[in-house]
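# this one's structure only:
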């Protein structure tokens with residue numbers, strides 16, 4: 001351990017944080033660790049790259065960036081995923097001392113009842129879980145985003161994708177990741193005609209009325225978001 005390291009508290013629903021805890025594990029970056037802060041331990045995100053940072057503000061800025069990527073990527077694994085946020089910072093000293101810092105930031109927090117999500121330990125598949133000696137699919141995607149600006153931008157748009165602009169930007173980025181829009185439509189599990197229909201719809205609705213024509217039977221925003229998320233998984237898995 002260096003002279004000090006950092007951890008940033010996660011805020012959000014326990015339901016989602018518990019799944020992230022299973023996907024973000026040591027010895028791979030980033031990971032979630034429960035750290036005592038008051039009456040009971042609270043979930044904190046950690047990253048080995050923060051060991052070289054000197055200020056809490058720098059740690060928070062990078063934590064917000066990473067959490068935005070996590071939120072965008074996690075939506076590909078669970079359609080009912082709710083975004084998490086960041087809160088207090090902990091500086092961990094080599095001698096065991098801990099400094100708790102409260103930066104002026106706002107985290108995401110929401111309460112929703114009745115969600116049920118299947119969890120399968122140790123299985124490789126849609127759940128994203130893998131054997132403990134390998135990074136999870138989420139950690140793989142986050143590692144790619146650290147060295148690929150297109151993937152980084154994709155996760156940002158997936159994180160906030162609740163409108164036609166971000167649907168269209170995600171489509172454009174997926175085409176660039178694949179090489180061009182003809183190549184992305186050739187992925188075996190991707191419906192090329194549906195890709196064109198969603199793309200045309202998003203391009204129409206993101207502009208002022210009358211500028212770009214929508215298809216005769218345009219998909220809804222919810223259908224388009226679900227389709228783009230499914231396509232993002234295919235493209236990301238193909239690009240690894």
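In hand now; what should we look at? Worth saying up front: this structure is predicted, and the values here are computed from it rather than measured. Numbers count the residues shown, from 1 in each chain.
# Enumerate the strands of this structure by residue range, in sequence order.
4-11, 31-36, 41-46, 85-93, 98-101 (DSSP state E).
# mind checking the backbone torsions on the residue of the chain most remote from its centre?
The C-alpha centroid of the chain is most remote from residue 210, which lies 34.3 Å away (Cα atoms, centre = their mean). As for residue 210, its main-chain torsions (degrees, to the nearest 10) stand at phi 90, psi -10.
# mind checking how far it is from residue 201?
For residue 210, the distance to residue 201 (Cβ to Cβ, to the nearest Å) stands at 15 Å. The way it works is simple: take the backbone N, C-alpha and C, and place the C-beta from them, glycine included.
# again, but for residue 50
41 Å.
# One more: residue 15?
32 Å.
# between those two, which one's more packed in?
Per other Cβ atoms under 10 Å, whichever of residue 15 and residue 201 has more neighbours is residue 201, with 23 against 17.
# Pick out the least confidently modelled helix or strand of the protein, by mean pLDDT.
In the chain, the helix or strand scored least confidently by mean pLDDT, DSSP states H and E is helix 181-184, which has a mean of 79.
# can you pull the buried residues of that one?
By neighbour count on 16 or more other Cβ atoms under 10 Å, the buried set for helix 181-184 is 181, 184.
# Run through the neighbouring helices and strands of the longest helix belonging to the chain.
In the chain, with assignment by DSSP state H, the single longest helix is helix 56-77. Packing partners of helix 56-77 (3 or more Cβ pairs under 8 Å, 6 or more residues apart in numbering; DSSP states H and E): strand 4-11, helix 14-23, strand 41-46, strand 85-93, helix 137-147, helix 149-159, helix 221-239.
# Now do it against strand 85-93: the angle between them, please.
Put simply, helix 56-77 runs at 130 degrees to strand 85-93, going by axes from the mean of the first three to the mean of the last three Cα atoms, to 10 degrees.
# which residues touch the closest residue to residue 148 other than its chain neighbours?
Nearest non-adjacent residue to residue 148, counting by Cβ to Cβ, 6 or more residues apart in numbering: residue 177, 7.9 Å away. By Cβ atoms under 8 Å, 6 or more residues apart in numbering, the contact set of residue 177 is 148, 150, 151, 154, 184, 235, 236, 239.
# Pull up the per-residue confidence for residue 177.
Here, the pLDDT recorded for residue 177 equals 93.
# Excluding chain neighbours, give the residue nearest to residue 181 in space.
Using Cβ to Cβ, 6+ apart, the nearest residue to residue 181 is residue 175, at 4.4 Å.
# Count the neighbours of that neighbour for me.
Neighbours around residue 175, by other Cβ under 10 Å: 19.
# Please tell me I have it right and residue 159 contacts residue 71.
Yes. Applying Cβ atoms under 8 Å, one finds residue 159 in contact with residue 71, separated by 4.3 Å.
# These two: which has the busier surroundings?
residue 71 (23 against 19).
# Could you measure from that one over to residue 199?
24 Å.
# OK, contacts around residue 62?
Here residue 62 is in contact with 47, 49, 50, 53 (Cβ under 8 Å, 6+ apart).
# What subset of these is buried?
47, 50, 53.
# gap between residue 154 and residue 53?
For residue 154 relative to residue 53 (Cβ to Cβ), the value is 25 Å.
# for residue 28, same thing?
19 Å.
# just residue 200 next, same as before
45 Å.
# Just confirm residue 141 contacts residue 235, I think it does.
No. Counting by Cβ under 8 Å, residue 141 sits too far from residue 235 to count as a contact (11.2 Å).
# and those two? which has more neighbours close in?
Set residue 141 next to residue 235 and count neighbours by other Cβ under 10 Å: residue 141 wins out with 26 against 20.
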